[in-house]
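**Student:** I'll drop the sequence and a predicted model, then ask my questions.
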2 protein chains.
Amino acid sequence: MDPKPQTALNTAGVDSRKAPARRGRPPKRAQAPDTSETILDVAEDLFSKHGFYGVTIREVAREAGVDTALVHYYFGAKRGLFDAVFLRRAEILNADRMAALERYEREAGDDLTVEGVINAFLQMTLEWGEKGGPGWKHYFALVAQANANPVWGGETMTRYFDPVVYRMIELLKRAMPGAPGEALFWAYHNLSGALTLTLGETGRLDRLSGGVCRSGDLPTAYDNMARFAAAGFRALCARN
Amino acid sequence: MDPKPQTALNTAGVDSRKAPARRGRPPKRAQAPDTSETILDVAEDLFSKHGFYGVTIREVAREAGVDTALVHYYFGAKRGLFDAVFLRRAEILNADRMAALERYEREAGDDLTVEGVINAFLQMTLEWGEKGGPGWKHYFALVAQANANPVWGGETMTRYFDPVVYRMIELLKRAMPGAPGEALFWAYHNLSGALTLTLGETGRLDRLSGGVCRSGDLPTAYDNMARFAAAGFRALCARN
DNA sequence: GTCTATAAGATGATAGAC
DNA sequence: GTCTATCATCTTATAGAC
């Protein structure tokens, strides 16, 4: 029923990510872009564009060059495929973001700043967005839509991404001693909206600005987002 | 083929909105919650929860208590139904927001402030969200998802909502003389993300904060959003 | 305006051969 | 692991009666 459990999916090779130096016994199927990864890549692309109900198993199978039965063989029901897509990069991203926050904490010592924490929090989405290839772009577009979904969005985002948010808020509390917890949560809510809109790269800003600003210009987008959010956090957390 | 053109849809009664004092000849079918409005209400609810592909004409018809053929009779293809849902409140909202900005412009005279402009921009989404009933909540959830959609989101948001954004940016230029146009667009991008996440009321913040903050507490959400965004606009637009 | 009936095709999922 | 074949169901959409 479940020949390839979801929790093991992320151990397979991920496009564009350099494999660490090999130690001990080689992981299973480490040599080639295997079939299940191809299916996940195709599903990720299609789900990110058309949503869960807008994609058929047949389309995924056709684009991946396999039969529909094989998709069911690997992932069970359609929902299983979707969950596997969501989980694959979530685990990588979470580990990376947590490491970035901890690296910043170490390097900053007692001189934590709001800007520094926010930059550390945003750093890995910028890096994967810039250097992760189309797979990561599709994934981020999927996360952006999950964040906006009123039915399962809140629950999904909480389940996958809250731990790293708590870690960031913890550091922000040290950067702004005395900041009310409520204000930190509300400020994060605003940053979260800005971040997921940026992740989506929907092109709206391009049209609105007549081409002056580009959704795909991630360094500029993140620089502006970080400065906007830092000022916003300060404004909400200042005692008055 | 099109017995009820889309541009006329919004002239029918909208739930929860008080009709203005009647003048001249009464509008067609002003007396009852007519069938096509019921269909739109049901479709709005379902589309906002499950997206375009996640809703079937049969579901809409069943919930509305009519036959599927009647849905096609009023709105043509499924896409026509979706567009009609989207357009109905967009026209109302645009007129209201534009009026709110112009009212603020008149009242503020030469003393325009960043906070004032942002509050005027946000005012009507807060009011309809608070007092518009479930129909407006569903509509806002739908807009939130449109804003996050990478395929048609950018184009859709531009088409429906850009005029009022240009008006706001124009006023912000007067509140912050010398602000670079690029910075204003990037700042708006961040506000737009925060606003649509707020509109979605996905409940994520409730879980994240352990109940301390509530997505449905709109006055608090808008107050924090306005202060967050005002500080963000100032930070990005300051000459340095 | 509203319904019945139905066309014409797509869908998720599985059993079983290789 | 991979494919063929197939089931039972659901889908959008329309023609035509009332």
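**Tutor:** The structure has been received and is ready for your questions.

**Student:** State the helix or strand in which residue A:120 lies.
**Tutor:** Assigned by DSSP states H and E, residue A:120 belongs to helix A:114-131.

**Student:** got the angle between the top helix by length along chain A and helix A:114-131?
**Tutor:** Identified as the longest helix of chain A according to DSSP state H is helix A:78-108. With axes from the mean of the first three to the mean of the last three C-alpha atoms, to 10 degrees applied, the angle from helix A:78-108 to helix A:114-131 works out at 130 degrees.

**Student:** Quick check: residues of chain A near DNA strand C?
**Tutor:** For chain A, the residues in contact with DNA strand C (C-beta under 7 Å from any atom of the strand) are A:55-59, A:68-69, A:72, A:76-79. In this view, the C-beta of every residue, glycine as well, is placed from N, C-alpha and C.

**Student:** Roughly how far does the spatially most central residue of chain A sit from DNA strand C?
**Tutor:** By C-alpha atoms, centre = their mean, chain A has its centre lying nearest to residue A:140, at 5.3 Å. Relative to DNA strand C, residue A:140 is positioned 24 Å away (C-beta to the nearest atom of the strand, to the nearest Å).

**Student:** Skipping adjacent residues, who's closest to that residue in space?
**Tutor:** Nearest non-adjacent residue to residue A:140, counting by C-beta to C-beta, 6 or more residues apart in numbering or on different chains: residue A:199, 3.9 Å away.

**Student:** shaky segments in chain A?
**Tutor:** Applying pLDDT under 70 to chain A flags the ranges A:1-33, A:240.

**Student:** For residue A:77, give me phi and psi.
**Tutor:** Per-residue torsions, residue A:77: phi -70, psi 170 (degrees, to the nearest 10).

**Student:** tell me the contacts of it?
**Tutor:** By C-beta atoms under 8 Å, 6 or more residues apart in numbering or on different chains, no residues touch residue A:77.

**Student:** if I look at it, how far off is chain B?
**Tutor:** From residue A:77 across to chain B, the span is 16 Å (C-beta to the nearest C-beta, to the nearest Å).

**Student:** contacts for whichever strand or helix holds residue A:40?
**Tutor:** Element membership for residue A:40, per DSSP H and E: helix A:35-50. Contact with helix A:35-50 is made by A:4, A:9, A:12-13, A:15, A:54-55, A:59-61, A:63-66, A:70-71, A:74-75, A:81-82, A:84-85, A:88, A:134-135, A:138-139, A:141-142, A:145, B:53, B:150-151, as judged by C-beta under 8 Å, 6+ apart.

**Student:** just so I have it, where are all the helices in chain A?
**Tutor:** Remark: helices assigned in chain A by DSSP H are A:35-50, A:57-64, A:68-75, A:78-108, A:114-131, A:133-148, A:153-175, A:181-200, A:204-208, A:218-237.

**Student:** As TSV, those helices with distance to residue B:221 would be great.
**Tutor:** Below are the helices of chain A laid out as TSV (distance: least, C-beta to C-beta, whole Å):
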stretch	distance to residue B:221
helix A:35-50	28
helix A:57-64	38
helix A:68-75	38
helix A:78-108	25
helix A:114-131	21
helix A:133-148	15
helix A:153-175	14
helix A:181-200	7
helix A:204-208	22
helix A:218-237	12
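
**Student:** Ok, which of the ones you listed comes nearest residue B:165?
**Tutor:** helix A:204-208 (6.3 Å; C-beta to C-beta).

**Student:** packing partners for the closest one?
**Tutor:** Secondary-structure packing of helix A:204-208 (3 or more C-beta pairs under 8 Å, 6 or more residues apart in numbering or on different chains; DSSP states H and E): helix B:153-175, helix B:181-200.

**Student:** Out of those helices, flag the one nearest DNA strand D.
**Tutor:** Checking the helices and strands packed on helix A:204-208 against DNA strand D by C-beta to the nearest atom of the strand gives helix B:153-175 as the closest, at 18.9 Å.

**Student:** so what does the closest one touch, helix or strand wise?
**Tutor:** In terms of contacts (3+ C-beta pairs under 8 Å, 6+ apart), helix B:153-175 is packed against helix A:204-208, helix B:78-108, helix B:114-131, helix B:133-148, helix B:181-200.

**Student:** and the angle from that helix to helix A:181-200?
**Tutor:** Angle, helix B:153-175 to helix A:181-200, by the same axes, to 10 degrees: 120 degrees.

**Student:** Check which residues of helix B:153-175 are buried.
**Tutor:** Residues of helix B:153-175 classed as buried by neighbour count (16 or more other C-beta atoms under 10 Å in any protein chain shown): B:153-154, B:156-158, B:160-161, B:164-165, B:167-169, B:171-173, B:175.

**Student:** Contacts for it next, please.
**Tutor:** Contacts of helix B:153-175 (C-beta under 8 Å, 6+ apart): A:200, A:202-208, A:215, B:86-87, B:90, B:94, B:97-98, B:101-102, B:104-105, B:112-114, B:116-118, B:120-121, B:143, B:146-147, B:149, B:179, B:181, B:184-185, B:188, B:233, B:237.

**Student:** Neighbours of the closest residue in space to residue A:234 that isn't next to it in sequence, how many?
**Tutor:** Leaving aside its sequence neighbours, residue A:234 sits nearest to residue A:114 (C-beta to C-beta, 6+ apart; 6.1 Å). Residue A:114 is flanked by 21 other residues according to other C-beta atoms under 10 Å in any protein chain shown.

**Student:** residues in contact with residue A:114?
**Tutor:** A:172, A:175-176, A:230, A:233-234.

**Student:** returning to what we had before: of the contacts of helix B:153-175, grab the buried ones for PyMOL.
**Tutor:** Remark: buried members of these, expressed as a PyMOL selection using 16+ other C-beta under 10 Å:
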select buried, (chain A and resi 200+202+203+204+205+206+207+208+215) or (chain B and resi 86+87+90+94+97+101+104+105+112+114+116+117+118+120+121+143+146+147+149+179+184+185+188+233+237)
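
**Student:** interface residues of chain A facing DNA strand D?
**Tutor:** For chain A, the residues found near DNA strand D under the criterion C-beta under 7 Å from any atom of the strand are A:3-4, A:35-36, A:65-70, A:73.

**Student:** ok, and the most crowded of those residues?
**Tutor:** For the residues of chain A next to DNA strand D, the largest number of neighbours (other C-beta under 10 Å) sits with residue A:36, at 21 neighbours.

**Student:** any idea how far that one lies from chain B?
**Tutor:** Distance of residue A:36 to chain B, given as C-beta to the nearest C-beta: 25 Å.

**Student:** between the helix holding residue A:120 and helix A:133-148, how big is the angle?
**Tutor:** Using the same axes, to 10 degrees: helix A:114-131 against helix A:133-148 is 130 degrees.

**Student:** Please compute how far helix A:114-131 lies from its chain's middle.
**Tutor:** Offset of helix A:114-131 from its chain centre (C-alpha atoms, centre = their mean, to the nearest Å): 11 Å.

**Student:** Send me that helix as PDB with only the CA atoms.
**Tutor:** Written as PDB, here are the backbone C-alpha positions of helix A:114-131 (Å, rounded to 0.1, in the frame of the first residue of the first chain):
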ATOM      1  CA  VAL A 114      15.400  43.200  14.100                       C
ATOM      2  CA  GLU A 115      16.900  43.500  10.700                       C
ATOM      3  CA  GLY A 116      19.300  40.700  11.300                       C
ATOM      4  CA  VAL A 117      16.700  38.300  12.500                       C
ATOM      5  CA  ILE A 118      14.300  39.100   9.600                       C
ATOM      6  CA  ASN A 119      17.100  38.700   7.100                       C
ATOM      7  CA  ALA A 120      18.100  35.300   8.600                       C
ATOM      8  CA  PHE A 121      14.400  34.300   8.500                       C
ATOM      9  CA  LEU A 122      14.100  35.300   4.800                       C
ATOM     10  CA  GLN A 123      17.500  34.200   3.600                       C
ATOM     11  CA  MET A 124      16.800  30.600   2.600                       C
ATOM     12  CA  THR A 125      13.600  31.300   0.600                       C
ATOM     13  CA  LEU A 126      15.600  33.900  -1.300                       C
ATOM     14  CA  GLU A 127      18.400  31.500  -1.900                       C
ATOM     15  CA  TRP A 128      16.300  28.600  -3.100                       C
ATOM     16  CA  GLY A 129      14.100  31.000  -5.100                       C
ATOM     17  CA  GLU A 130      17.200  32.300  -6.900                       C
ATOM     18  CA  LYS A 131      19.300  29.200  -7.200                       C
END
